[in-house]
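Undergrad: give me the fold of what follows.
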Amino acid sequence: MCNSPPYLLPAVESVTYTGCTADSLVKFIRDRGIHFSVVAPRKLPALRALYDRASPNGGAVESHPDYAQDPFHMVLVRGIALPLSSGPGALKPVLPPQPLASCQPLGPGPQGPPTI
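TA: Residues are numbered from 1 along each chain as shown. Predicted coordinates:
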């Protein structure tokens, strides 16, 4: 998950990966057979390029679909199969349930029946 392109500086916080850049780490991931996926709130070409370089085909571009439901997001998944939309509107965003508005007055607790 990322919201910015990878830094051009090498890693310094990890003893194992000190000096490794994002490019070399992606090659390490590919060579170990690890499935590399990208989830980002923006379509970033640098992240797409990393995803393509992590391909088991040695960087050859595969036709992996972008599973994002929002046209501005990017969801590139490798290693599992997700259902594809079969047309416009096939995948709909899941929204949390909203409470229904009621026409009852705001007041202290329930009220009894009106007196006539």
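Undergrad: tell me where this protein has helices.
TA: Under the criterion DSSP state H, the chain contains helices at 22-31, 45-53.
Undergrad: just the buried residues of the shortest one, please?
TA: Buried positions in helix 45-53, judged by neighbour count with 16 or more other C-beta atoms under 10 Å: Leu47, Arg48, Ala49, Leu50, Tyr51, Asp52, Arg53. Placement of C-beta: from N, CA and C, glycine included.
Undergrad: now the helices of the chain in JSON lines, with mean pLDDT and distance to Thr16?
TA: Converted to JSON lines, the helices of the chain look like this (pLDDT from 0 to 100; distance: least, C-beta to C-beta, whole Å):
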{"stretch": "helix 22-31", "mean pLDDT": "90", "distance to Thr16": "10"}
{"stretch": "helix 45-53", "mean pLDDT": "90", "distance to Thr16": "19"}
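Undergrad: residues in contact with Ser14?
TA: Listed by C-beta atoms under 8 Å, 6 or more residues apart in numbering, the contact set of Ser14 is empty.
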